[in-house]
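Asker: got a predicted structure plus its sequence, pasted below:
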Amino acid sequence: MRIDHGRSKHRPLHDEGHEVEIFYTAVWDPRSPQAPELEQLAERLAAA
């Protein structure tokens, strides 16, 4: 499942003829009031 539901456009990114992959890391304070929502978002992103 894509988080953007297919609305965003993308194109491959190349550097000197090689396709580039971009990775993200999600970090948050587990005591934060938003922690449950952030955890759900991170799980959805990881499954995409």
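Answerer: Everything's here; your move. Numbers count the residues shown, from 1 in each chain.

Asker: drop to CA atoms for contacts and neighbour counts, all remaining ones
Answerer: Will do.

Asker: tally of neighbours for Val20?
Answerer: Val20 is flanked by 11 other residues according to other C-alpha atoms under 10 Å.

Asker: who are the contact partners of it?
Answerer: For Val20, the contact set (C-alpha atoms under 8 Å, 6 or more residues apart in numbering) comprises 12-14.

Asker: just the buried residues of these.
Answerer: Among these, none counts as buried by neighbour count (16 or more other C-alpha atoms under 10 Å).

Asker: out of the residues you listed, flag the one nearest to Ala47.
Answerer: Pro12 (20.3 Å; C-alpha to C-alpha).

Asker: roughly how far out does the helix-or-strand element of the chain with minimal mean pLDDT sit from the chain middle?
Answerer: The helix or strand of the chain with the poorest confidence is helix 35-47; it has a mean of 88 (mean pLDDT, DSSP states H and E). Relative to the centre of its chain, helix 35-47 is centred 9 Å away, using C-alpha atoms, centre = their mean, to the nearest Å.

Asker: any chance of the backbone angles for Glu19?
Answerer: phi -70, psi 140 (degrees, to the nearest 10).

Asker: can you pull up the bridge partners for it?
Answerer: Note on Glu19: beta-bridge partners by DSSP bridges are His14.

Asker: okay, now it: neighbour count?
Answerer: Around Glu19 there are 9 other residues, counting by other C-alpha under 10 Å.

Asker: isn't it right next to Arg11, touching?
Answerer: No - using C-alpha atoms under 8 Å, Glu19 makes no contact with Arg11, being 10.5 Å away.

Asker: low-scoring stretches of this structure, by residue?
Answerer: Scanning the chain for pLDDT under 70 picks out 1-8.

Asker: cutoff 80 now
Answerer: For the chain, the stretches with pLDDT under 80 are 1-11, 24, 26, 48.

Asker: do you know how far the residue nearest the centre of the chain is from Tyr24?
Answerer: Centroid-nearest residue in the chain, with C-alpha atoms, centre = their mean: Leu45, separated by 4.6 Å. Leu45 is 10 Å from Tyr24, where distance means C-alpha to C-alpha, to the nearest Å.
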